[in-house]
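Asker: Need the 3D shape of this:
(6 chains)
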There are 4 protein chains.
Amino acid sequence: MRLQDESKKAAIFNATVKLVNEIGFAAASVAKIAKEANVSPATIYIYYKNKEDLLVSIFLEIKQEKTFASIRGFDESSPLKESLRKLWHNSFKFVSQNGDLQRYHDQFLNSPYSELVADQLGEDAFQPFLSAFESAAKKKIIKKVHFDLLKAFILPPLSMLANSRTGADLKMTRKNVESAFEMAWDAISLDRN
Amino acid sequence: MRLQDESKKAAIFNATVKLVNEIGFAAASVAKIAKEANVSPATIYIYYKNKEDLLVSIFLEIKQEKTFASIRGFDESSPLKESLRKLWHNSFKFVSQNGDLQRYHDQFLNSPYSELVADQLGEDAFQPFLSAFESAAKKKIIKKVHFDLLKAFILPPLSMLANSRTGADLKMTRKNVESAFEMAWDAISLDRN
Amino acid sequence: MRLQDESKKAAIFNATVKLVNEIGFAAASVAKIAKEANVSPATIYIYYKNKEDLLVSIFLEIKQEKTFASIRGFDESSPLKESLRKLWHNSFKFVSQNGDLQRYHDQFLNSPYSELVADQLGEDAFQPFLSAFESAAKKKIIKKVHFDLLKAFILPPLSMLANSRTGADLKMTRKNVESAFEMAWDAISLDRN
Amino acid sequence: MRLQDESKKAAIFNATVKLVNEIGFAAASVAKIAKEANVSPATIYIYYKNKEDLLVSIFLEIKQEKTFASIRGFDESSPLKESLRKLWHNSFKFVSQNGDLQRYHDQFLNSPYSELVADQLGEDAFQPFLSAFESAAKKKIIKKVHFDLLKAFILPPLSMLANSRTGADLKMTRKNVESAFEMAWDAISLDRN
DNA sequence: GATGAATGAGTGTTCATTCAT
DNA sequence: CATGAATGAACACTCATTCAT
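Answerer: Residues are numbered from 1 along each chain as shown, chains lettered A, B, ... in the order given. Modelled structure (predicted):
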């Protein structure tokens, strides 16, 4: 029998990301994706159960890659600030190198499909971070507020700044990334230092 | 609750907001909106040029209302922190009272339609704020960074915290709103106080 | 129950009969039949030229089996009434033991595929019956009418009564089968006896 | 506003009957019906909820017309045999004048759609007939058997004989129709007369 | 012989929009 | 102003069949 042609799956992946970025989730029809990937619409249904499965699977793939990239080099023994700074810079690096994936990721989270997947931080990969936050709170390094508040001053700013669409006229140079990190840290830390 | 004597246009407005909130932009078809508004599909085309015009017009209406509500009571002579605090609380108040409008607003900004409207802050109504920021920067009250960085630690956190969907398990009591504001202020101010 | 060592062809036969009975001819797609038979769709095309060939071949197989069962024990020297009674009871016995085959058979005859096969009675196996009818007509035992009229009071009633779907609330006990036979005989015979 | 164009509905009706007769229920797609009726596929969905509704509605329309035609002239005071004879001839007349409707009717009853509608005789229109049967049974005019047995020697033979497809080489002249009726009566009556 | 991958053509249905009243 | 009828184009998805291994 004929073997699965991995290049076809990759073509579908790329075509989907491209089209969703260009025209949005709703307008990116299966037929258009197929044409962009140089593949029959029916072929897509070999690799994915339906359109929802296609979009969700691609999101999860991207999310995993992004998570892996952002926690690279995490060291449990480092102080929280250093860990966070690493996460921050890792994230910006990933985005600057994979703008299209990030855009797909963001669009997905703001589409009705997002309700089909669990929470962003509810993953084992981030568990060490959560522990670090908790112990830092106990040591009075960071503010003792609901975790969602801390999150609100880390993820959304990061997302906006990384998104070339929303932060149009600001180039995220290394210096700007570092400035932004200091702002985030000031927001959540008890004493500046 | 649709009233008997409610004007057609208002009925269309309400139906659109309701449907978009319930099933999203893509699934909210003209036919469904018309049925929800107890109106013929053709009637919608009397008031709006097409579907895009309908969605954009409603967004702009909501945005204006929201802007007006958020800057209410702004006093040019107050220190920036006070002005900002007022803005912050005003915004949360608006959201808590108009959750449906806010949800439509957020969904719109994350849909492909958002590219059809100009930037959020590029409005005359916010001009006094921009001036206040500039003078505060000169007085070394807030950090001297690109304005987009300041924005990034005010609007996105506010948005996320106000959004009942994303900050699911955190009740935004007055105390939490104030805590969040202090975090935003710590992010952008030069010296805490 | 599909057996491990059952030949592919038998598996396809069973799967087809089962699916056609459950969801009908139109909905029984090649893919579904293949899955039910634990076989690749392509495999079906090894044994049958195409879908039409598959369905027709299976019908003919069933028809042959049914014909063979219904004429079992036919004795040319018996009077027509006895031969017919035997046929009648044989038929009901076959149906009661092979409901699924009978159902496929009936569905096929009422599908557009039926035009692809010749008439039911045009077979050599039934030839002795035809002769018996002819000689009985000459002996004024049965009515002297067009053979189609005789057929009309034997086959369709038999079919309907044997079909569990159409004769829902009537149990075809041996007594009922015999009553029905007497009715058929009264319809075609010249003098009751 | 534009009024419903009854000619469109009639065109859809005729196109559906024609196509179903020519290629069967499964192959008669909405697109083909629309093209045959010189109408957009979408137009069909103005008049019918979906394909099932289309096919069932047309069946019910035909059934009603057929029922009305077959019981025309029924007289409660006539003996059962006369009533039945009238029904028998009425039915053949209807079929000879509306072969296409009859064919649609028969095909429908043998399609999976048939399970969506109630039983053939379960109608008020036939109620007087049922009563006549019951009283005839009490008067020992017809055999005392399950009503389904009586039905089995009236409806299926009638159906087969009226169907030009199954009784190919037999012309149903008035004389043949009458012969057939006598056979049916012989089948169900206690004493010939 | 047997397979799963691959596909163009088709399925029933809904879309945004216009027409005629 | 307001309407429901009407539509061609598009939708997500499945079809019977063939291909390459």
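
Asker: and the strand or helix carrying A:S57, anywhere near DNA strand F?
Answerer: Here A:S57, judged by DSSP states H and E, is contained in helix A:51-70. Yes: using Cβ under 7 Å from any atom of the strand, we find that helix A:51-70 touches DNA strand F at A:K51, A:E52. Just so you know, the C-beta spots here come from the backbone N, C-alpha and C atoms, and that holds for glycine as well.

Asker: The following helix or strand past that helix vs chain B: in contact?
Answerer: Once the chain leaves helix A:51-70, the next helix or strand it forms, by DSSP H and E, is helix A:80-97. No: under the criterion of Cβ under 8 Å from any Cβ of the partner chain, chain B is not reached by helix A:80-97; the shortest gap measures 12.5 Å.

Asker: for helix A:80-97, packing partners?
Answerer: If you count contacts as 3 or more Cβ pairs under 8 Å, 6 or more residues apart in numbering or on different chains; DSSP states H and E, helix A:80-97 packs onto helix A:51-70, helix A:127-138, helix A:155-162, helix A:174-188.

Asker: contacting residues around that helix?
Answerer: For helix A:80-97, contacts defined as Cβ atoms under 8 Å, 6 or more residues apart in numbering or on different chains pick out A:66, A:69-75, A:78, A:102, A:129, A:132-133, A:135-136, A:141-142, A:154, A:158, A:161-163, A:172, A:177-178, A:180-181, A:184-185, A:189.

Asker: per-residue confidence averaged over it?
Answerer: Across helix A:80-97, the average pLDDT comes to 91.

Asker: residues in contact with the helix or strand following that helix?
Answerer: Per DSSP H and E, helix A:80-97 leads on to helix A:99-109 as the next helix or strand towards the C-terminus. With contacts defined as Cβ under 8 Å, 6+ apart, helix A:99-109 is touched by A:16-18, A:20-21, A:24-25, A:55, A:58-59, A:62-63, A:65-66, A:94-95, A:114, A:120, A:159, A:162-165, B:110.

Asker: what's the angle from helix A:99-109 to helix A:155-162?
Answerer: Here helix A:99-109 points in a direction 140 degrees away from that of helix A:155-162 (axes from the mean of the first three to the mean of the last three Cα atoms, to 10 degrees).

Asker: how many neighbours does A:T173 have?
Answerer: Number of residues near A:T173 (other Cβ atoms under 10 Å in any protein chain shown) recorded here: 10.

Asker: So, low pLDDT: which residues of chain A?
Answerer: Within chain A, the stretches with pLDDT under 70 are A:1, A:3, A:119-123, A:164-168, A:192-193.

Asker: hang on, the earlier thing: ok, and what's touching the helix holding A:S57?
Answerer: For helix A:51-70, contacts defined as Cβ under 8 Å, 6+ apart pick out A:12-13, A:16-17, A:20, A:25, A:30, A:33, A:44, A:47-48, A:87, A:90-91, A:93-94, A:98, A:101-102, A:104-105, A:108, A:113, A:116-117, A:120, A:123, A:125-126.

Asker: Filter those residues down to the buried ones and hand me the PyMOL line.
Answerer: Selection of the buried residues among those in PyMOL, burial being defined by 16 or more other Cβ atoms under 10 Å in any protein chain shown:
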select buried, chain A and resi 12+13+16+17+20+25+30+33+44+48+87+90+91+94+98+101+102+104+105+108+113+120+126
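
Asker: can you tell me which of the helices and strands packed on helix A:80-97 comes nearest to A:K8?
Answerer: helix A:51-70 (13.1 Å; Cβ to Cβ).

Asker: For that closest one, what is the distance to the chain centroid?
Answerer: In terms of Cα atoms, centre = their mean, to the nearest Å, the centre of helix A:51-70 is found 9 Å from the chain centre.

Asker: now the angle between helix A:80-97 and it, please.
Answerer: For helix A:51-70 against helix A:80-97, the angle by the same axes, to 10 degrees is 130 degrees.

Asker: Just give the closest residue to A:A27, not the sequence neighbours.
Answerer: Nearest non-adjacent residue to A:A27, counting by Cβ to Cβ, 6 or more residues apart in numbering or on different chains: B:P112, 6.8 Å away.
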